[in-house]
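> the sequence and its predicted three-dimensional model are supplied below.
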Amino acid sequence: MRKKTKAIIFLLLLVTALTAGCNFLGGGGREVNAGENAGENPPPNNAALVDEEGYTRVKVLAQLGEGTLEDPVGIAVNAAGHIYVSDAAAHRIYRFNSAGELVAELGGRGEGPGEFSQPGALALDAAGNLYVADVGNNRVQVLNAQGNFLRQVGSREEFSPFFSPQDAYDTPLSGLAAGPAGEIYLTLKGAYYDISENELRMYNPQGGLDLKLGSVLEGNIDLIPFTWPEALALDGEGTIYMAHGANGVGKIIVLPMKGREPVAEEILQFGNLGKGKGEFMHTPAGICVDAQGDIYVADTHNDRIQVFAPDGRWLLMFNLKGTEEGELAEPGSLTLDGEGNLYVVDRGHARILKLADPVHHGSVG
């Protein structure tokens, strides 16, 4: 669907990625080498639980969805511990209770309110309303806690500038996050990583577009270069976390906000090409942030999760190798519950894993 890039552009970008970490950061802000000095400040008492490859052993508390889920994509956990999972193949949202039992199914394939086509990322606001990236219908739907339709933003017409008809590409909606008062943050990605428009948007609770940051690597850039944005997260201070990347290079952007304006001089970016500590292969498909500001990233194409300090320093990584549950396979969306437990969409195994907090709750030692 996406055309091959001209050979000379590919080579230039690859050389840049390998020699300089593919520095996409423009004016303002800073980029850090997350793997530099890795391990100098590890989580307390974890040394005995790190294997020879540097992977931390973590505790799996539960797994769910096996036999029910076909293609899980998005995940969100509410204050009661209920788990929402989107299934792109079933065109539904499943809700599991805190014990992992399936208690509700929302939607089904269609274009009407409360119906979905290839639902993707999920988010929750402070009131417990559910936000669904309805990817195939080019919109974000908002449902209340009972699953009833409330409103939507986006449409096929609105997002059509990101389409590429010659490539049959018409599903640009990717990342999604929700603010506490009902703000909607989303990302849109074009068909080509180098010449297509990519955008980060924020809609206010009334549906108005309050923020739009665009980036074309070989064209106009509003604030900071990014391409093929895939996953979004928001912390309690309103800081935006975005995973993006192209041509094999994955990056994390941390974008502090003052009200509804980005603080350019405080932008942080990290991530290099590779399989080592702090490195990514291709675009990470999941990101979340805990109460202490530590950043969890699904290093999807390395089949692992990596954790970084608020300043971008690498802390640890894990892949569940050697566990009874088996290794991760293409991990995607991530989220945390109120106790700091991590939920992983283990997409390659069509299941959800609940892990004891590997940084703060003692599962690393």
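Nice, I can see it. Everything numeric in this text was worked out from a predicted model, so none of it was measured. Numbering: from 1, shown residues only.
> distance between the ends of stretch 237-254?
12 Å (C-alpha to C-alpha, to the nearest Å).
> try stretch 142-159
In stretch 142-159, first residue to last residue: 18 Å (C-alpha to C-alpha).
> buried residues in it, which are they?
For stretch 142-159, a neighbour-count test (16 or more other C-beta atoms under 10 Å) marks 142-143, 152-154, 159 as buried. Yep, even glycine has a C-beta here, placed from its N, CA and C like the rest.
> from those, pick the one nearest E31.
The shortest approach to E31 among those belongs to F159, at 29.9 Å (C-beta to C-beta).
> and that closest one, what does it touch?
Each residue near F159 by C-beta atoms under 8 Å, 6 or more residues apart in numbering is listed here: 138, 172-173, 188.
> distance check, A350 against D71.
A350 sits 7 Å away from D71, going by C-beta to C-beta, to the nearest Å.
> no, scratch that, I was asking about V77
Separation of V77 from D71 (C-beta to C-beta): 20 Å.
> who has more neighbours, those two?
Between V77 and D71, V77 has the larger neighbour count (other C-beta atoms under 10 Å), namely 21 against 14.
> okay, the more buried one: pLDDT?
Predicted confidence (pLDDT) for V77: 98.
> just the one 4 residues further on next, same as before
Predicted confidence (pLDDT) for G81: 96.
> quick check: which element contains it?
In this structure, G81 sits in neither a helix nor a strand according to DSSP states H and E.
> same check, this time on G67
G67 belongs to no helix or strand, assigned by DSSP H and E.
> ramachandran angles for it?
Main-chain torsions, G67, degrees, to the nearest 10: phi 90, psi -20.
> how near is it to L106?
Computed as C-beta to C-beta, the G67 to L106 distance reads 19 Å.
> next, A264: phi, psi?
When quoted as degrees, to the nearest 10, the phi and psi of A264 stand at phi -60, psi -40.
> compute the number of surrounding residues for it.
So A264, with other C-beta under 10 Å, has 14 neighbours.
> shouldn't it be in contact with L213?
No - if you go by C-beta atoms under 8 Å, A264 and L213 don't touch, sitting 10.6 Å apart.
> shared neighbours of the two, anything?
With contacts taken as C-beta under 8 Å, 6+ apart, the residues that reach both A264 and L213 are 223-224.
> and Y193, how far is that from G248?
From Y193 to G248 the distance is 10 Å (C-beta to C-beta).
> neighbour count for these two, which is higher?
Legend: neighbour count by other C-beta under 10 Å for Y193 and G248, higher for Y193 (23 against 18).
> any stretches of the stretch 251-365 of the chain with poor pLDDT?
Across the stretch 251-365 of the chain, the ranges flagged by pLDDT under 70 are 360-365.
> circling back: could I get the contacts of F159 as CSV with neighbour count and secondary structure?
As requested, these are exported to CSV (neighbours: other C-beta atoms under 10 Å; DSSP: H, G, I helix; E, B strand; the rest coil):
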residue, neighbour count, secondary structure
N138, 22, coil
P172, 25, coil
L173, 23, strand
L188, 24, strand
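> of these, closest to E327?
Closest to E327, out of all of the contacts of F159 and judged by C-beta to C-beta, is L173, at 30.1 Å.
> I'd assumed Y131 was in contact with that closest one.
No - applying C-beta under 8 Å, one finds L173 not in contact with Y131, separated by 11.8 Å.
> overlap in contacts of these two?
Shared contacts of L173 and Y131, defined by C-beta under 8 Å, 6+ apart, comprise V140.
> pLDDT wise, what is D51 at?
pLDDT, D51: 83.
> in contact with it, which residues?
Applying C-beta under 8 Å, 6+ apart to D51 gives the contacts 57, 321-322.
> of these, just the buried ones, PyMOL syntax please.
Of the contacts of D51, the buried ones can be selected in PyMOL as follows, counting by 16+ other C-beta under 10 Å:
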select buried, resi 57
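> most widely separated two among the buried residues of stretch 142-159?
L143 and F159 (20.3 Å).
> mind listing what the helix or strand where S86 lies pairs with, with the direction of each?
Taking DSSP H and E as the definition, one finds S86 inside strand 83-87. Here strand 83-87 has these sheet partners by DSSP bridges: strand 72-77 (antiparallel), strand 92-96 (antiparallel).
> quick one: the ones you listed as JSON lines, columns for distance to E279 too.
Shown next, in JSON lines, are these (distance: least, C-beta to C-beta, whole Å):
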{"stretch": "strand 72-77", "distance to E279": "24"}
{"stretch": "strand 92-96", "distance to E279": "34"}
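> ok, now how distant is T239 from Y131?
According to C-beta to C-beta, T239 stands 18 Å off from Y131.
> cool, thanks, talk later.
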